[in-house]
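K.L.:
Can you look at this prediction? I've put the sequence above it.
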Amino acid sequence: NNNNNNNNNNSPVSPQSSHYNQQLINSIVLYSGVYAISKMQSSSQLTFSIRESSSMELFQFLANELNPEGRYLFLNAIANQLRYPNNHTHYFSCVLLFLFAEAKSELIQEQITRVLLERLIVNRPHPWGLLITFIELIKNTSYSFWSHSFTRCAPEVERLFESVARSCFLPKSNENNDGNSNTSTNLNSTSTESPNDIDNPPPSSSSSKLNDQQQHEN
């Protein structure tokens, strides 16, 4: 049976390094997201709650039921969809923020943070969707990001978080040294969004800042 599994590329179990088929996980996440977006676009309702969709139910089930290895691959599959400004990026940004807000344990929140942080500590440029998601996570007090123990578990970790957080705001700050910017590098400043507001507009505080940055560049 093991030999058959190793020779079957369509099996959900991959040989050797992982117990999971990462390609299959990526496909499930992508298909579920595209399906949810198409349902929202074809809905006759003025608003469509992503929390009540079958795709979100699946995402929550996977986030809560997978073991750490599987959850890490699953969260990376979501983070892969955080790209340039469009409905696709907005949806998956909302999904990741919703999973963070509704997580049943801090371990899930820590893994979400890890997935984002691993992509932000590399050299720029960073995808727009990645930046907007992380900025909203650390700026919006509804997520209580800085109150979680994993952000303060060691001085080195705390400095790393603050360094990455500042780097996310650095391009905007540098572009507006003429005094016209309202951007602050105060990491504890607040956002007006809450986890319950992610169904309709994109995260307003970070989204408007990055949109302003794009307009400035154009």
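P.N.:
Yes, it's here. Numbers count the residues shown, from 1 in each chain.
K.L.:
contacts for stretch 98-106?
P.N.:
Outside stretch 98-106, the residues within contact range by C-beta atoms under 8 Å, 6 or more residues apart in numbering are 50-51, 56, 59-60, 63-64, 75, 78, 108-109, 112-113, 137, 142-143, 148-150, 195, 198. Every C-beta, even on glycine, is put in place using the N, C-alpha and C of the backbone.
K.L.:
how about a cut-off of 10 Å?
P.N.:
In this structure, residues lying in contact with stretch 98-106 by C-beta atoms under 10 Å, 6 or more residues apart in numbering are 50-51, 56, 59-60, 62-64, 71, 74-75, 78, 108-113, 116, 133, 136-137, 140, 142-145, 148-150, 194-196, 198-199.
K.L.:
average model confidence for that stretch?
P.N.:
pLDDT averaged over stretch 98-106 equals 92, rounded to a whole number.
K.L.:
same question, stretch 121-129
P.N.:
Mean pLDDT, taken over the full extent of stretch 121-129, equals 87.
K.L.:
Can you mark which positions in that stretch are buried?
P.N.:
For stretch 121-129, burial by neighbour count (16 or more other C-beta atoms under 10 Å) applies to 126-129.
K.L.:
and of the residues you listed, the nearest to residue 89?
P.N.:
Within the set of these, residue 129 lies nearest residue 89; the separation is 3.8 Å, counting by C-beta to C-beta.
K.L.:
Figure out the helix or strand that that closest one lives in.
P.N.:
Secondary structure from DSSP states H and E places residue 129 in helix 128-139.
K.L.:
which strands and helices sit next to that helix?
P.N.:
Counting by 3 or more C-beta pairs under 10 Å, 6 or more residues apart in numbering; DSSP states H and E, the packing neighbours recorded for helix 128-139 are helix 68-79, helix 87-101, helix 106-120, helix 155-175, helix 204-217.
K.L.:
Can I get the shortest one in PDB? Just the C-alpha atoms.
P.N.:
C-alpha atoms of helix 68-79 as PDB (Å, rounded to 0.1, in the frame of the first residue of the first chain):
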ATOM      1  CA  PRO A  68       0.400  22.200  12.600                       C
ATOM      2  CA  GLU A  69       2.100  20.900   9.500                       C
ATOM      3  CA  GLY A  70      -1.100  20.700   7.500                       C
ATOM      4  CA  ARG A  71      -2.300  24.100   8.800                       C
ATOM      5  CA  TYR A  72       1.000  25.700   7.800                       C
ATOM      6  CA  LEU A  73       0.600  24.500   4.300                       C
ATOM      7  CA  PHE A  74      -3.000  25.600   4.200                       C
ATOM      8  CA  LEU A  75      -2.200  29.100   5.400                       C
ATOM      9  CA  ASN A  76       0.600  29.400   2.900                       C
ATOM     10  CA  ALA A  77      -1.800  28.500   0.200                       C
ATOM     11  CA  ILE A  78      -4.000  31.400   1.200                       C
ATOM     12  CA  ALA A  79      -1.000  33.800   1.500                       C
END
